[in-house]
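A.B. asks: Predicted model, plus sequence, below.
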Amino acid sequence: MRKVTIREIAAALGAEALGASDLVVEGVAEPASAGPSDLALAMSAKYADALAEGRAQAAVIGDGMDWQAIGLKAAIIAPRPRYAMAYITRAMDPGPDIAPGIHPTAVIDPGAEIGATAAIGPFVVVGAGARIGARARIEAHVFIGPGTTIGDDALIQAGVRIGHGVTIGDRAILQMGASIGGDGFSFVTPELSQMERGRKSLGRDDAAGPAQSWTRIHSLGGVVLGDDVEVGCNSTIDRGTIADTVIGDGTKLDAQVHVGHNCKVGRDCLLCGQVGLAGSVVLGDRVVLGGRVGVSDNITVGNDVVAGVASLLISNVPAGRMMMGYPAVRMDAHVEIYKALRRLPRLARSVADLQKAVSKSGKTP
């Protein structure tokens, strides 16, 4: 990790440095396991006892904590602890160690453009007409297709696969195994398929249709990732059929997320692990989808929508709505439905008891 002073960390946070602000720290640790050169993260009073177990000389503490009584030489007060952690971890993270320049085993097409001070690791393949931005870092075994553009200061981790004609913005981070720009899952039959007939009739027409095979609809569009986008390990983003699949600036995708063809995802969204967007989904800005949330095809989700874990969105969602459930409804409605569901066994027993009582009485209700 990097060596930084307490004063430098406090300045980056816009926070107050207390005590020996020139003290140098080389790592970050939990209070009980922190050593003399670590910055302990003890952001609330409940960690005070754990600080005594460790050997930290400096810590990030919460409001109202007496750093001198705890025995620290220096401290930083963090009014919003998790926000402070973002800056602290960034300051202490050197990132992957990629040698500057182009590794001799990399295969770079003569028609590709490599930006100033870009670092390209072993066994990277860069196709014809691709452009790599300044200071971009490309780890080992990455494939970058022809005509693809990668912005300045991007980080592409090991094993990433990027198809042809993809655009990736500045400061983007693609983590290991991500796949960007594969063909969309688009197939059609000569006549209406059983799936289409069932969807049209809501399942009332269940007679088998003619036997027929699936024909591929080829993907002619690309993928556009905005600035500051992050894509987690083993996530996939399909290219568009005609228009591009688009991920807006600042949006973050967790591991194992799938974004289908033609999707338009807004700015500053969070898509947690195993989220799946079917084709032609439109997400507004600042949408948060919890783990394993699914969104049906051709659905529009408004700005600032939050969907709880494992929810299924099958209809359009207006802006600002909090959703939960399978299928998803307003979060408050889902809570009431869940409460009622838990009462069903007791209600069934009560109904059964009433039926017995009426039957024994020989009277009809």
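C.D. replies: Perfect, thanks for sending it. Here the structure is a predicted model, which is why all the values come from computation and not from measurement.
A.B. asks: Could you tell me whether residue 9 really is in a helix?
C.D. replies: Yes - using DSSP: H, G, I helix; E, B strand; the rest coil, the secondary structure at residue 9 is a helix.
A.B. asks: do you know how far it is from residue 32?
C.D. replies: In this view, residue 9 and residue 32 are 21 Å apart by C-beta to C-beta, to the nearest Å. To be clear about C-beta, it is placed using only N, CA and C from the backbone, and glycine gets the same treatment.
A.B. asks: More neighbours: which of the two?
C.D. replies: residue 9 (24 against 16; other C-beta atoms under 10 Å).
A.B. asks: I figured that one hits residue 76, correct?
C.D. replies: Yes - under the criterion of C-beta atoms under 8 Å, residue 9 makes contact with residue 76 at 6.2 Å.
A.B. asks: Determine the residues that are contacts of both of these two.
C.D. replies: Listed as contacting both residue 9 and residue 76 by C-beta atoms under 8 Å, 6 or more residues apart in numbering are residue 17.
A.B. asks: Lowest mean pLDDT among the helices and strands, pick that one out for this protein.
C.D. replies: Lowest on mean pLDDT, DSSP states H and E among the helices and strands of the chain sits helix 81-92, with a mean of 80.
A.B. asks: Tell me the helix or strand right after it.
C.D. replies: Remark: after helix 81-92, the chain's next helix or strand is strand 101-102, criterion DSSP states H and E.
A.B. asks: tell me the mean pLDDT over that next one?
C.D. replies: The average of the pLDDT scores along strand 101-102 is 95.
A.B. asks: List the contacts of the helix or strand just after it.
C.D. replies: Once strand 101-102 ends, the next helix or strand along the chain (criterion: DSSP H and E) is strand 107-108. For strand 107-108, contacts defined as C-beta under 8 Å, 6+ apart pick out 102, 114, 120, 123-126.
A.B. asks: try 10 Å
C.D. replies: Residues outside strand 107-108 that contact it (C-beta atoms under 10 Å, 6 or more residues apart in numbering) are 102, 114, 120, 123-128, 130, 132, 143-144.
A.B. asks: Provide a list of residues in contact with residue 109.
C.D. replies: Per C-beta under 10 Å, 6+ apart, neighbours of residue 109: 125-130, 144, 146.
A.B. asks: again, only this time at 6 Å
C.D. replies: Residue 109 sits next to 127-128 when contact means C-beta atoms under 6 Å, 6 or more residues apart in numbering.
A.B. asks: Same question for residue 328.
C.D. replies: By C-beta under 6 Å, 6+ apart, the contact list for residue 328 reads 311-313.
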